[in-house]
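*Asks:* can't give you the sequence, but here's the structure:
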């Protein structure tokens, strides 16, 4: 590893997370691990750990991602969640990729290819996202009839995506009713995989009776979706208001908390590359943006906004002590420290001491955004048992 900065990914934690989830929510047949964008930026080589934990299907957003997964595992079924350009069906067949059909037009064009080998497909339903999928029941019914008449297309699954988890709105119930309406004339017993829930709706609602699968995304990476109960006076008032709203609008009950024991596997570290004394009144960084209020020391750390780390991260840990980030640049951040900090000291950006959720609060983003903003300039070191493996991009 040439850089002094690295992300440490614990594959064993990811495997244990999936085991925990599949043990608690054990009434599904298919557990589809979503590994979009390099497995939420954890690194695509984690897929075998997810499989060992209990995922028996994987999902990506593109054919390129699916082919990367196929390099890691030759046998696991892979669903591409977005429509694939029809000119690449030869690669789909060669690599045993499952495709998404999101419209009647796409299906009709696919049928015209007169494929000579069977492809597994999943229909996507649009029940409120207005992004991809069948919205019109007549079109869906026609597509269902057409695909049953084609010997080279196997309708293995039907899925959708809830826009909300339904904690404070009517949209989850509306979406579920739309799913039922769209599917009412389809023999679901002939379709192996019916997957509609994602991480947040998995834990916040009872199982949909006819669902046989569930997509696991951010939950695998350490976030259980529990909503912490607010016992303050204002919190209790909000709870009363929410209960009134749910009752008034006949909204189904949600599950606020769960006892899933999950851990985050993604931690981020760097090192101090310079320590210099600064005098009260001196300025630090571009545009002289930070003024030193008293004599102190500035530590320069080998990580910057090109890596996804800015001064908005707020603070770092060096030698078990918290220090504020006062300036940033493309490749470095500057930290206000004391004389105990030395060159080559390890710097925790987030990990054991600085929790991911706390960084997210300071940045006003969620964990999806945080993981995905740590760029591939940062080497990944994967831990599995006693083995460490470096992945360079």
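*Replies:* Right, received. Where do you want to start? Since the model is a prediction, treat every value here as computed from it, not as a measurement. Residues are numbered from 1 along each chain as shown.
*Asks:* How far does stretch 107-125 stretch from one end to the other?
*Replies:* 14 Å (Cα to Cα, to the nearest Å).
*Asks:* average pLDDT for it?
*Replies:* For stretch 107-125, the mean per-residue pLDDT is 95.
*Asks:* Next, the buried residues of that stretch.
*Replies:* 107, 110, 115, 119, 120, 121, 122, 123, 124, 125 (16 or more other Cβ atoms under 10 Å). Any C-beta I mention is one placed from the backbone N, CA and C, and that applies to glycine too.
*Asks:* what's the answer for stretch 138-152, then?
*Replies:* Residues of stretch 138-152 classed as buried by neighbour count (16+ other Cβ under 10 Å): 140, 141, 143, 144, 147, 150.
*Asks:* One more: stretch 312-331?
*Replies:* By neighbour count on 16+ other Cβ under 10 Å, the buried set for stretch 312-331 is 313, 315, 316, 317, 318, 323, 325, 326, 327, 328, 331.
*Asks:* what about the third one, is that helix, strand or coil?
*Replies:* Pointing back at residue 316 there. Assigned with DSSP: H, G, I helix; E, B strand; the rest coil, residue 316 falls in the strand class.
*Asks:* Quick check: the gap between it and residue 2.
*Replies:* Between residue 316 and residue 2 the distance is 22 Å, computed by Cβ to Cβ, to the nearest Å.
*Asks:* again, but for the second one
*Replies:* Note on residue 315: its distance to residue 2, by Cβ to Cβ, is 27 Å.
*Asks:* The fifth one now?
*Replies:* If you measure residue 318 against residue 2 using Cβ to Cβ, the figure is 22 Å.
*Asks:* Residue 302 is in contact with residue 271, isn't it?
*Replies:* Yes: applying Cβ atoms under 8 Å as the test, residue 302 and residue 271 come out as touching, 6.0 Å apart.
*Asks:* who touches both of the two?
*Replies:* Shared contacts of residue 302 and residue 271, defined by Cβ atoms under 8 Å, 6 or more residues apart in numbering, comprise 4, 5.
*Asks:* so of the buried residues of stretch 107-125, which ones are in strands?
*Replies:* In this view, those that belong to strands under DSSP state E are 119, 120, 121, 122, 123, 124.
*Asks:* which residues does the first one bridge with?
*Replies:* Here residue 119 shows beta-bridge partners residue 153, assigned using DSSP bridges.
*Asks:* can you check the fifth one too?
*Replies:* When bridges are taken as DSSP bridges, the partners of residue 123 come out as residue 101, residue 158.
*Asks:* contacting residues for it?
*Replies:* Contacts for residue 123 were tallied using Cβ under 8 Å, 6+ apart; they are 100, 101, 102, 133, 134, 140, 143, 144, 155, 157, 158, 159.
*Asks:* top of the residues you listed by neighbour count?
*Replies:* Most neighbours among the contacts of residue 123, by other Cβ atoms under 10 Å: residue 158, with 27 neighbours.
*Asks:* so that one makes contact with residue 122?
*Replies:* Yes: in this structure, residue 158 is within contact of residue 122 by Cβ under 8 Å, at 6.4 Å.
*Asks:* Common neighbours of the two, please.
*Replies:* Shared contacts of residue 158 and residue 122, defined by Cβ under 8 Å, 6+ apart, comprise residue 193.
*Asks:* Could I get the pLDDT score of residue 368?
*Replies:* Looking at residue 368, its pLDDT is 88.
*Asks:* Next: residue 393.
*Replies:* So residue 393 comes in at 58 (pLDDT).
*Asks:* go on, residue 234?
*Replies:* Predicted confidence (pLDDT) for residue 234: 78.
*Asks:* From residue 31, how far out is it?
*Replies:* Per Cβ to Cβ, residue 234 is found 39 Å from residue 31.
*Asks:* In terms of neighbours, single out the busier of the two.
*Replies:* Ranked by neighbour count (other Cβ under 10 Å), residue 234 and residue 31 place residue 31 first, with 24 against 8.
*Asks:* all strands of the stretch 1-150 of the chain, in order?
*Replies:* Using DSSP state E, counting those that start in this stretch, the strands of the stretch 1-150 of the chain run over 6-10, 30-34, 57-60, 78-80, 97-101, 119-124.
*Asks:* likewise the stretch 201-350 of the chain?
*Replies:* 213-216, 266-278, 283-284, 290-291, 296-301, 315-318, 321-328, 333-337, 346-350.
*Asks:* can you list contacts of the fourth one?
*Replies:* If I follow you right, that is strand 290-291. The contact list for strand 290-291, computed with Cβ under 8 Å, 6+ apart, reads 281, 282, 283, 284, 326, 327, 334.
*Asks:* Repeat that for the first one.
*Replies:* Taking contacts as Cβ under 8 Å, 6+ apart, the residues outside strand 213-216 that touch it are 18, 21, 25, 28-34, 55, 57, 59, 157, 159, 193-195, 197-199, 202.
*Asks:* Buried by neighbour count: which residues of stretch 340-352 qualify?
*Replies:* Counting neighbours by 16+ other Cβ under 10 Å, one finds that the buried residues in stretch 340-352 are 341, 345, 347, 348, 349, 350, 351.
*Asks:* Can you tell me which of these is nearest residue 164?
*Replies:* residue 350 (27.6 Å; Cβ to Cβ).
*Asks:* Now that that closest one has come up, it's in contact with residue 267, right?
*Replies:* Yes: here residue 350 lies in contact with residue 267, judged by Cβ under 8 Å, at a distance of 6.4 Å.
*Asks:* isn't residue 329 right up against residue 289?
*Replies:* No: look at residue 329 against residue 289 with Cβ under 8 Å: they stay out of range, at 10.7 Å.
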